[in-house]
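Engineer: Predicted model and sequence below, questions to follow.
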Amino acid sequence: MKNADEHPASPDETQRGVELIGQMLLKLGYLSDEQLSEGLALQRRQSKRLGELLCQLGHVDEQMVREALVRQSHLPEVDLETFPIDPQAAACIPAEAAFRHKVLPLAVHERTLDVAMADPFDRGVIESLRVLTGFRIERFYCPEAILLETARRIYGSNVARMIADLDGAPAAATGEGGEEELSLQLQELAREPSVVNLVNLILLEAIDSRASDVHIEPFEKTLKIKYRIDGVLHEMSPPPKRLQPAIISRVKVMAGMNIAERFVPQDGHIAFTSPRGKVDLRVATVPTIFGESVVLRILDRSTALIDMEHLGLNPACLKQFSFLLQRPHGIVLVTGPTGSGKTTTLYAALNRIYTPEKKIITIEDPVEYQLEGVNQIPVNRKRGLTFADGLRAIVRQDPDIIMIGEIRDRETADIAIRSAMTGHLVFSTLHTNDAPGAVTRLLDMGVEPFLLASSLEGVLAQRLVRMICPECKAPYPPDEVALQRMGPCAANAKQEQFFHGEGCRSCRQSGYAGRNGIFELLRITAEVRDAITRRCSADQISAVAPADHQPMRQDGYRKAVEGLTTLEEVLRVTQDTQVDEAIM
């Protein structure tokens, strides 16, 4: 951010300006008298701008200083939610420049262009706009968030705009001259600036939309781009079909894949830098009848490494699960389908119990996020490092705590159980519908019942439910069928108030924004151990569970009553955990 005008000024004028900006921050309530005095004292020693020093001290941020400068300079502010933007003015500044400089053209008056700016004191931007448009620039102030939201509405999404502009895009590779010639053609296409920019924009827009995956799906006449947001796929503007070889080749080049191999599945990795920081992308391709289908899983460190208190565990479940983490040895499992947040829960658990006095080793496929102070081993099957082989080596490292990314076979399960019985605390995941199902899954793998009964300490089953968008949240009467499907936990539903999202721009008209977990914790008591030893079914194990044990759907109902999610969303994600008597 550049502060106010930089013309030469006398010391007296500068001091009056300094006092004015400080007083303006006081009037706006952004600063206290003590903080202003501290900033002025520091300025006498460092001879820097007061706004910069107050930001350095952490008393205010750049947005606060900018607002004070706007008031000080008497710059006009514009309300973009009501201001009628002239299409002729919008055409004066290309969308790319508008988003890069955080500006929005408003109106044209002879040789003057009115422009809303997030930072109206950036003289470099003002000069760039003057050269670009040929107009004299009249500045207006608008907060950044409102300006960018309006710009998206006026110009459309970045990807959609670029796709519309790609009329002269490169043609598809012909394949003439054999595989070697085709490989060279694909490499040339992947280096085209328009293709490079389009793929980068797709990734940036997906990250900005909080997407967990990007799907590139080829069909006979179209190439579809989809973002998975809050667990649900949203179809984006499709690029021209002729760009399919170029887009897929570009992704494969970025992921370090063999660009010429198009008929076998491949896996790769991209380290991508976004405005939110470094983001890791896991890339997987599979051949289909119309070309290669590509999925990029976005692993955003800032959204994954969270505290246990923010997972969504209710206070009782959090207390009980935290108690399991303090066990000196045994196995604790987290279960659920792919994409249900199991790894996030395990990472939160490891962060909770880590101390320098404990040695923690993990083996994962792949290592999704790096944990401070934890030794993490990636599975590498091409070099013979499987879960079982890595686990044998881990045990010889004298760890206190072991985390196994997933128990997939009997060999891994046997080593994990024996590790737990020899003084190690073991964490792992399984793909099962509910907590009791984890027991039967391990027994089906061939694990001896008496070994499992003596080593298992607890099973946490989970799903992710979409949360109601706070911008369009409103009360509503739930459907009677939905209440019936909830079962006994909804016995008092008539006395409860339920909410849903009506749909708005901020949530893409879905009514939901963000996700949180719903859980079922099965603590292994003496009765449960006895049932495991007798090879009881999942239903029989549930029947002897502790009295305070609650199914996952019941936890979801509680969150719906609290106004965090909807009954329909709870039913959607838990339909595989119990039979719906209402529809039988």
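Structural biologist: Looks like it came in fine.

Engineer: Ignoring the adjacent residues along the chain, who's closest to R153?
Structural biologist: In this structure, R153 finds its nearest non-sequential neighbour in R505, 7.8 Å apart by C-beta to C-beta, 6 or more residues apart in numbering. Where you see a C-beta, it was placed from the backbone N, CA and C, and this is true even at glycine.

Engineer: Could you pull out the strands in the stretch 251-400 of the chain for me?
Structural biologist: 266-274, 277-288, 291-300, 330-335, 360-364, 375-378 (DSSP state E, counting those that start in this stretch).

Engineer: now the last one: mean pLDDT?
Structural biologist: Spelled out, it's strand 375-378. Regarding strand 375-378, the rounded mean pLDDT is 93.

Engineer: What strands flank that strand, and is each parallel or antiparallel?
Structural biologist: strand 360-364 (parallel) (DSSP bridges).

Engineer: Which positions in the strand it pairs with come out as buried?
Structural biologist: By neighbour count with 16 or more other C-beta atoms under 10 Å, strand 360-364 contains the buried residues 360-364.

Engineer: Turn those residues into CSV, columns for distance to R463.
Structural biologist: Formatted as CSV, the buried residues of strand 360-364 follow (distance: C-beta to C-beta, whole Å):
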residue, distance to R463
I360, 27
I361, 29
T362, 23
I363, 25
E364, 22
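
Engineer: Hmm, which of the residues you listed is lowest in pLDDT?
Structural biologist: Within the buried residues of strand 360-364, pLDDT is lowest for E364, at 90.

Engineer: low pLDDT regions in the stretch 51-200 of the chain?
Structural biologist: Along the stretch 51-200 of the chain, the parts satisfying pLDDT under 70 run over 156-162, 164-183, 185-186, 189.

Engineer: Please, where are all the strands along it?
Structural biologist: Using DSSP E, counting those that start in this stretch, strands in the stretch 51-200 of the chain cover 103-109, 112-117, 136-141.

Engineer: got JSON lines for those, with distance to T432 and mean neighbour count too?
Structural biologist: Compiled in JSON lines, the strands of the stretch 51-200 of the chain are given as follows (distance: least, C-beta to C-beta, whole Å; neighbours: other C-beta atoms under 10 Å):
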{"stretch": "strand 103-109", "distance to T432": "51", "mean neighbour count": "21"}
{"stretch": "strand 112-117", "distance to T432": "54", "mean neighbour count": "22"}
{"stretch": "strand 136-141", "distance to T432": "56", "mean neighbour count": "18"}
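
Engineer: coming back round to it: for the strands of the stretch 251-400 of the chain, which one sits closest to A543?
Structural biologist: Among the strands of the stretch 251-400 of the chain, the nearest to A543 by C-beta to C-beta is strand 330-335 (19.0 Å).

Engineer: CA atoms only for the closest one, dumped as CSV, please.
Structural biologist: C-alpha atoms of strand 330-335 as CSV (Å, rounded to 0.1, in the frame of the first residue of the first chain):
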residue,chain,number,x,y,z
GLY,A,330,-3.4,-49.7,21.9
ILE,A,331,-5.1,-48.9,18.6
VAL,A,332,-7.4,-46.0,17.9
LEU,A,333,-9.1,-46.1,14.5
VAL,A,334,-10.8,-43.3,12.5
THR,A,335,-13.3,-44.6,9.8
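
Engineer: How about T288: what's its closest non-neighbour residue?
Structural biologist: P218 (6.3 Å).

Engineer: Contact partners for the one you found?
Structural biologist: If a contact means C-beta atoms under 8 Å, 6 or more residues apart in numbering, then P218 has 224, 244, 248, 288, 290-293 as its contacts.

Engineer: and it, what are its bridge partners?
Structural biologist: L223.

Engineer: which SSE is E569 in?
Structural biologist: helix 567-574 (DSSP states H and E).

Engineer: May I see the buried residues of that helix?
Structural biologist: Buried residues in helix 567-574 (16+ other C-beta under 10 Å): 567, 569-571, 573-574.

Engineer: Of the residues you listed, which pair is most distant in space?
Structural biologist: Longest span within those, C-beta to C-beta: L567 and V573, 11.5 Å.

Engineer: low-confidence ranges in the stretch 201-350 of the chain?
Structural biologist: Ranges of the stretch 201-350 of the chain meeting pLDDT under 70: 275-276, 301-305.

Engineer: As a check, name the ranges of all helices in it.
Structural biologist: 244-254, 301-304, 315-325, 342-353 (DSSP state H, counting those that start in this stretch).

Engineer: same check, this time on the stretch 1-150 of the chain
Structural biologist: 11-27, 33-46, 50-57, 62-73, 87-90, 95-101, 123-133, 144-155.

Engineer: between those, which gets nearest to I417?
Structural biologist: helix 144-155 (52.3 Å).

Engineer: Any chance you could list what contacts the closest one?
Structural biologist: Under C-beta under 8 Å, 6+ apart, the answer for helix 144-155 is 63, 80-81, 85, 90, 95, 98-99, 102-104, 116-118, 142, 161, 505.

Engineer: Show me which of those residues are buried.
Structural biologist: Judged by 16+ other C-beta under 10 Å, buried ones among the contacts of helix 144-155: 63, 80, 85, 90, 95, 98-99, 102-104, 116-118, 142, 161.

Engineer: re the thing from before, can you tell me how far the residue nearest to R153 is from E471?
Structural biologist: 8 Å (C-beta to C-beta, to the nearest Å).

Engineer: picking up where we left off before, can I get the strands of the stretch 251-400 of the chain in TSV including distance to A68?
Structural biologist: Output for the strands of the stretch 251-400 of the chain, formatted as TSV (distance: least, C-beta to C-beta, whole Å):
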stretch	distance to A68
strand 266-274	30
strand 277-288	29
strand 291-300	34
strand 330-335	49
strand 360-364	48
strand 375-378	46
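
Engineer: winner for burial among those?
Structural biologist: strand 330-335 (a mean of 24; mean count of other C-beta atoms under 10 Å).

Engineer: tilt between that strand and helix 315-325?
Structural biologist: Strand 330-335 and helix 315-325 are oriented at 140 degrees to each other (axes from the mean of the first three to the mean of the last three C-alpha atoms, to 10 degrees).

Engineer: Quote the end-to-end distance of stretch 545-558.
Structural biologist: 20 Å (C-alpha to C-alpha, to the nearest Å).

Engineer: Any idea what the closest residue in space to L296 that isn't next to it in sequence is bridged to?
Structural biologist: Closest residue to L296 apart from its sequence neighbours, by C-beta to C-beta, 6+ apart: V214 at 4.4 Å. Beta-bridge pairing for V214 (DSSP bridges): Y227, L296.

Engineer: rewinding a little: nearest to G405, of the strands of the stretch 51-200 of the chain?
Structural biologist: If we rank the strands of the stretch 51-200 of the chain by C-beta to C-beta, the stretch that ends up nearest is strand 103-109, at 46.7 Å.

Engineer: Now stretch 25-40 - C-alpha only, PDB.
Structural biologist: What follows is stretch 25-40, C-alpha atoms only, in PDB (Å, rounded to 0.1, in the frame of the first residue of the first chain):
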ATOM      1  CA  LEU A  25      -7.700   6.700  13.100                       C
ATOM      2  CA  LEU A  26      -8.800   7.800  16.600                       C
ATOM      3  CA  LYS A  27     -12.100   9.100  15.300                       C
ATOM      4  CA  LEU A  28     -12.800   5.900  13.400                       C
ATOM      5  CA  GLY A  29     -12.200   3.900  16.600                       C
ATOM      6  CA  TYR A  30      -9.300   2.000  15.200                       C
ATOM      7  CA  LEU A  31      -6.700   3.400  17.600                       C
ATOM      8  CA  SER A  32      -6.400   4.300  21.300                       C
ATOM      9  CA  ASP A  33      -4.500   7.400  22.600                       C
ATOM     10  CA  GLU A  34      -1.800   5.100  24.100                       C
ATOM     11  CA  GLN A  35      -1.300   3.400  20.800                       C
ATOM     12  CA  LEU A  36      -1.100   6.700  18.900                       C
ATOM     13  CA  SER A  37       1.500   8.000  21.400                       C
ATOM     14  CA  GLU A  38       3.600   4.800  20.900                       C
ATOM     15  CA  GLY A  39       3.400   5.200  17.200                       C
ATOM     16  CA  LEU A  40       4.500   8.900  17.300                       C
END
